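Enquirer: Only the shape, not the letters, is given here:
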């Protein structure tokens, strides 16, 4: 978690990335501890930028997403103050390692561009279907390709396609599964 947080700080809190306006960091409930760490490190980095008169972007951790479920188990997701997303660079810290959470997070990821996010970056610390990336026997299904296609189908934002950052993808060839719809 520390390594992921430090890499993300370097990518998203540096002055050369995205717009000067602060980014919004959204997260699934399972990723709250990592989101807290990223926010704290980004705030610390921003403070040192101010002291040295460099211009670093701010990364605002926002608890805008209300995750709940209907009695039948399907997700009931609500984004509070959804207008805050319009025109902003949005970072979503996802966790797709539990089957019961994948659909609800995909639903959110598909909705964010429609709420006029300027850009959307999805952070996946782990690509869960990575161990099933190839077909060795007739009849096997490469589920890694299926999940990659689902993520690649997220609608465009104002600034273009969604950026997906995966830290543990398992097999290098899987990076070519994305964006090939």
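Expert: Yep, that arrived. All of these numbers come straight from a predicted model, not from anything done at the bench.
Enquirer: Do a quick rundown of the helices in this structure.
Expert: Along the chain, counting by DSSP state H, helices occupy 2-12, 32-51, 99-111, 143-152.
Enquirer: I'd like the mean pLDDT over the longest one, please.
Expert: Which is helix 32-51. Averaging pLDDT along helix 32-51 yields 74.
Enquirer: And for stretch 139-156?
Expert: Predicted confidence along stretch 139-156 averages 84 (mean pLDDT).
Enquirer: what does stretch 66-82 give?
Expert: On average, stretch 66-82 scores 96.
Enquirer: List the residues that contact the residue positioned nearest the centre of the chain.
Expert: Note on the chain: the residue nearest the mean C-alpha position is residue 122, at 2.2 Å, using CA atoms, centre = their mean. Residue 122 makes contact with 92, 94, 109, 151, 154, 162-165, according to CB atoms under 8 Å, 6 or more residues apart in numbering. Using the backbone N, CA and C atoms, a C-beta is placed for each residue, glycine as well.
Enquirer: how much space between it and residue 71?
Expert: 29 Å (CB to CB, to the nearest Å).
Enquirer: State the distance from the nearest residue to residue 86 once chain neighbours are set aside to residue 107.
Expert: The shortest distance from residue 86 to any residue other than its chain neighbours is 4.0 Å, reached at residue 116 (CB to CB, 6 or more residues apart in numbering). Between residue 116 and residue 107 the distance, using CB to CB, works out to 17 Å.
Enquirer: what's the answer for residue 92, then?
Expert: When distances are taken as CB to CB, residue 92 and residue 107 turn out to be 12 Å apart.
Enquirer: So for those two, which residue has more residues nearby?
Expert: Using other CB atoms under 10 Å, the more surrounded residue of residue 92 and residue 107 is residue 92, with 24 against 12.
Enquirer: Next up, the contacts around the more buried one.
Expert: If a contact means CB under 8 Å, 6+ apart, then residue 92 has 26-27, 105, 108-109, 112, 120-123 as its contacts.
Enquirer: mind listing which of the residues you listed are in strands?
Expert: Among the contacts of residue 92, DSSP state E puts 26-27, 120-123 in strands.
Enquirer: Run a quick neighbour tally on residue 84.
Expert: Look at residue 84: counted by other CB under 10 Å, it has 15 neighbours.
Enquirer: Please apply the same query to the one 5 residues further on.
Expert: Summarising burial for residue 89: neighbours were counted as other CB under 10 Å, giving 23.
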